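S.K.: Provided below are the primary sequence and the corresponding predicted coordinates.
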Amino acid sequence: MHSSTRLILILLACLAWARPAAAAEPGTVEVTDCAGRKVTVPKQIDRVFFTSPMGAIMVYSLCPEKMVGWNHELMPQDKAYILPAQRDLPVLGGWFGGNGSGNREVIIAARPQVIISIGYLDATAVDFSNRLQQQVGIPVWMASGELEDTAQVYELLGKLLGAEDRAQKLAAYARQTITEVRALAAAIPDAERKRVYYAEGPRGLMTNVKTSMHTQVLNWIGAENVVTSGNETSSFQRASVSLEQVIAWQPDSMLVCRDWSEDARFPEWLNTPEWRRVPAVARGRVWQIPNRPFNWFDRPPSANRLLGLKWAAWALYPDRVTFDLVAEIREFYHLFYHYELSEADARAFLDTSRVPVPGASHE
């Protein structure tokens, strides 16, 4: 969907927010979601589910007490950062982000009053939401998953879920962060913009293209994703590449995405003569993206990317960063994850994110 069309839909959702639902049960209202769909929902919503972890993270940060479950199993390392009441909520599955395990009967049994779908707003996504809503008999409310829309989506979620005051705080943080990072990126001369390879998968040979929602952090901080096209078949799917392609792209920096099940150990696939032919590896310019309780950069591409913007700017453009990233990390965990992170733990995230490649020149 074109960005101007998406913006118009979001503005319409803000302007035509809610009206009493005609010919519907008492205690309901009709709302307009970010795809322009009119959805009838309860006036008071206390039980919420989501089609993917993108929505789960936003609802958890906004009103965790309304969650009825998770889309995926949280790792023990992740649960340490999650509120006790939400750590062991049931896993009900989902439909996006590589997760096709959504069980409609199980979700109906959990009795959510609304299902939140955050992501793309194209015809395919709208059709899926319409079909899901019809199949489960639960209203499905859609919102944009674009990074630039994060603040507006929080505001709309706040209205939908009766958490407007807290939504305003999260939206203000999102707006300020994007404004700061936009200014930082605008000041970087073209000659200094980093060429980045985003490495995913067990051997680092999966990635996402420049236009993917999964790599928007790179676009916002003024870096160039070297992967401009790939063989993915959907907007969420990763593209497979060869090491020869990575070498030919000549990235000067590399970000490594670890799966949820992985700890901060050294990615052994980097320690080979073949990977040393990649400039980023030869120069020791490799970072592993912190991923507790959720990846700071992607997987899922939700509000966690706000912290990822600051971390990626710190990693790729350290001479241009003026903020105290340790303080920023602690503030984000307090505001979005309801967790008081110590200064030592915040520093540990940064210390373990730089990959010490043996024999690299570390330029």
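M.R.: That came through fine.
S.K.: identify the residue spatially nearest to Ala280, adjacent ones excluded.
M.R.: Closest residue to Ala280 apart from its sequence neighbours, by C-beta to C-beta, 6 or more residues apart in numbering: Met254 at 3.9 Å. C-beta coordinates here come from the backbone N, C-alpha and C atoms, glycine included.
S.K.: any idea which helix or strand carries that neighbour?
M.R.: strand 253-256 (DSSP states H and E).
S.K.: which secondary structure elements does that strand contact?
M.R.: Packing contacts for strand 253-256, counted by 3 or more C-beta pairs under 8 Å, 6 or more residues apart in numbering; DSSP states H and E, involve strand 195-199, helix 279-282, strand 286-288, helix 305-316.
S.K.: mean neighbour count, mean pLDDT and distance to Gln152 added to the ones you listed, as TSV?
M.R.: Output for the helices and strands packed on strand 253-256, formatted as TSV (neighbours: other C-beta atoms under 10 Å; pLDDT from 0 to 100; distance: least, C-beta to C-beta, whole Å):
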stretch	mean neighbour count	mean pLDDT	distance to Gln152
strand 195-199	25	97	26
helix 279-282	22	96	35
strand 286-288	23	96	30
helix 305-316	24	98	14
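S.K.: would you convert those into CSV that also reports distance to Leu147?
M.R.: Below are the helices and strands packed on strand 253-256 laid out as CSV (distance: least, C-beta to C-beta, whole Å):
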stretch, distance to Leu147
strand 195-199, 15
helix 279-282, 24
strand 286-288, 19
helix 305-316, 6
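S.K.: closest to Leu170 out of those?
M.R.: Closest to Leu170 of these, according to C-beta to C-beta: helix 305-316, at 9.1 Å.
S.K.: now the helix or strand just after the closest one against helix 305-316, angle please.
M.R.: Following helix 305-316 in sequence order, the next helix or strand is helix 325-337 (DSSP H and E). For helix 325-337 against helix 305-316, the angle by axes from the mean of the first three to the mean of the last three C-alpha atoms, to 10 degrees is 160 degrees.
S.K.: you'd agree Val217 is up against Gly308?
M.R.: Yes: using C-beta atoms under 8 Å, Val217 is in contact with Gly308, at 4.9 Å.
S.K.: which neighbours do the two share?
M.R.: Jointly contacting Val217 and Gly308 under the rule C-beta atoms under 8 Å, 6 or more residues apart in numbering are 297-298.
S.K.: of the helices and strands packed on strand 253-256, which is nearest Pro112?
M.R.: Among the helices and strands packed on strand 253-256, helix 305-316 comes nearest to Pro112, with 25.2 Å by C-beta to C-beta.
S.K.: which residues in this structure form helices?
M.R.: 3-15, 53-62, 76-79, 84-87, 104-109, 123-136, 150-161, 164-186, 216-220, 243-249, 279-282, 305-316, 325-337, 343-353 (DSSP state H).
S.K.: now those helices in JSON lines, with distance to Ala360?
M.R.: Shown next, in JSON lines, are the helices of the chain (distance: least, C-beta to C-beta, whole Å):
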{"stretch": "helix 3-15", "distance to Ala360": "39"}
{"stretch": "helix 53-62", "distance to Ala360": "34"}
{"stretch": "helix 76-79", "distance to Ala360": "28"}
{"stretch": "helix 84-87", "distance to Ala360": "39"}
{"stretch": "helix 104-109", "distance to Ala360": "48"}
{"stretch": "helix 123-136", "distance to Ala360": "42"}
{"stretch": "helix 150-161", "distance to Ala360": "35"}
{"stretch": "helix 164-186", "distance to Ala360": "26"}
{"stretch": "helix 216-220", "distance to Ala360": "22"}
{"stretch": "helix 243-249", "distance to Ala360": "16"}
{"stretch": "helix 279-282", "distance to Ala360": "6"}
{"stretch": "helix 305-316", "distance to Ala360": "15"}
{"stretch": "helix 325-337", "distance to Ala360": "23"}
{"stretch": "helix 343-353", "distance to Ala360": "16"}
